[in-house]
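Engineer: sequence? don't have it. structure:
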């Protein structure tokens, strides 16, 4: 696993957030390198929004430290204008029209680009004089992504605001993000369930499950993290022996097994000799398998813990 040596835009250490009976974040330590597009991935309720909210100083940690661009962000007028946090449930004043939201954003962010914003307004066909609260879900999402893109904040969080967009509009968002990022690099954190859709955008993956970081690696390192073998059950078993199995399905004498770790040259040769089909594992498949594995391990641990308590 390679170490990301790029300077950090965001540094989080020992971060926990508890709400009465719920622990949203549990000792999270992670860094987001400067001028990279990061994917913040995980299931619903994993802690993604809580993490971004605390980094963006919209929530307070129970424990731990956060530094953004070298500074503590909370109540820091030097750092807050450098961050833009847009989410799907973004709220606006009841009588606010889209043009009012864009005007407010232009005043809040010193890097705001009206030329780019107007191009995006046309691209996404946003009715500027319609009240935001009366817009469709897709139109509200478009307003949010336009603000996130045109603000050109040094640190930008997209907490799935594009989920309300249809497939064509989402692709337009991805295209405009990449295009503008290449000309104006900044630190972007994308939270999404559509992992394969954003796989070509992101340079680093942070995977959160139940408030803990499961994975923090460059995407390049993940490409060979797992592999799927398909063929005769006995042949697949021979090659995968001793490896951690993420998933296994069998139909008659044919088995499909996904295992962790890259294959050696000798193993590749054995795969050819045994006439097995070797298939790559997509980023989404890998994330799903790793998350499922972690959940199963946690359930087993809880079960054993409960059993032990009962014997006391």
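Structural biologist: Everything's here; your move. Quantities reported herein were computed from a predicted structural model and do not represent experimental measurements. Numbers count the residues shown, from 1 in each chain.
Engineer: ok, which stretches of the protein are helices?
Structural biologist: Using DSSP state H, the helices assigned to the chain run over residues 48-55, 98-108, 114-123, 137-150, 167-183, 195-198, 219-222, 233-240, 265-273, 283-311.
Engineer: got these as TSV, with mean pLDDT columns?
Structural biologist: Listed next are the helices of the chain as TSV, based on pLDDT from 0 to 100:
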stretch	mean pLDDT
helix 48-55	96
helix 98-108	95
helix 114-123	98
helix 137-150	95
helix 167-183	96
helix 195-198	90
helix 219-222	87
helix 233-240	95
helix 265-273	95
helix 283-311	68
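Engineer: which one of those lies closest to residue 42?
Structural biologist: In this view, the helices of the chain are compared for proximity to residue 42 by CB to CB, and helix 48-55 is the closest at 5.3 Å. For every residue, glycine as well, the C-beta is placed using N, CA and C.
Engineer: ok so, going back, could you dump the helices of the chain into a markdown table and include distance to residue 37?
Structural biologist: Formatted as a markdown table, the helices of the chain follow (distance: least, CB to CB, whole Å):
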| stretch | distance to residue 37 |
| --- | --- |
| helix 48-55 | 14 |
| helix 98-108 | 21 |
| helix 114-123 | 18 |
| helix 137-150 | 12 |
| helix 167-183 | 6 |
| helix 195-198 | 9 |
| helix 219-222 | 10 |
| helix 233-240 | 34 |
| helix 265-273 | 32 |
| helix 283-311 | 14 |
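Engineer: for those helices, which one sits closest to residue 24?
Structural biologist: helix 48-55 (4.2 Å).
Engineer: So which of the helices of the chain is nearest residue 85?
Structural biologist: helix 48-55 (6.4 Å).
Engineer: Mind giving me the packing neighbours of the closest one?
Structural biologist: Secondary-structure packing of helix 48-55 (3 or more CB pairs under 8 Å, 6 or more residues apart in numbering; DSSP states H and E): strand 8-19, strand 22-33, strand 37-41, strand 63-68, strand 83-87, strand 155-159, strand 187-191.
Engineer: Generate CSV for these, with mean neighbour count and mean pLDDT as supplementary columns.
Structural biologist: Shown next, in CSV, are the helices and strands packed on helix 48-55 (neighbours: other CB atoms under 10 Å; pLDDT from 0 to 100):
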stretch, mean neighbour count, mean pLDDT
strand 8-19, 18, 96
strand 22-33, 19, 96
strand 37-41, 24, 96
strand 63-68, 17, 97
strand 83-87, 23, 94
strand 155-159, 25, 97
strand 187-191, 24, 97
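Engineer: In TSV, list the ones you listed along with distance to residue 127.
Structural biologist: Below are the helices and strands packed on helix 48-55 laid out as TSV (distance: least, CB to CB, whole Å):
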stretch	distance to residue 127
strand 8-19	35
strand 22-33	35
strand 37-41	30
strand 63-68	35
strand 83-87	19
strand 155-159	22
strand 187-191	26
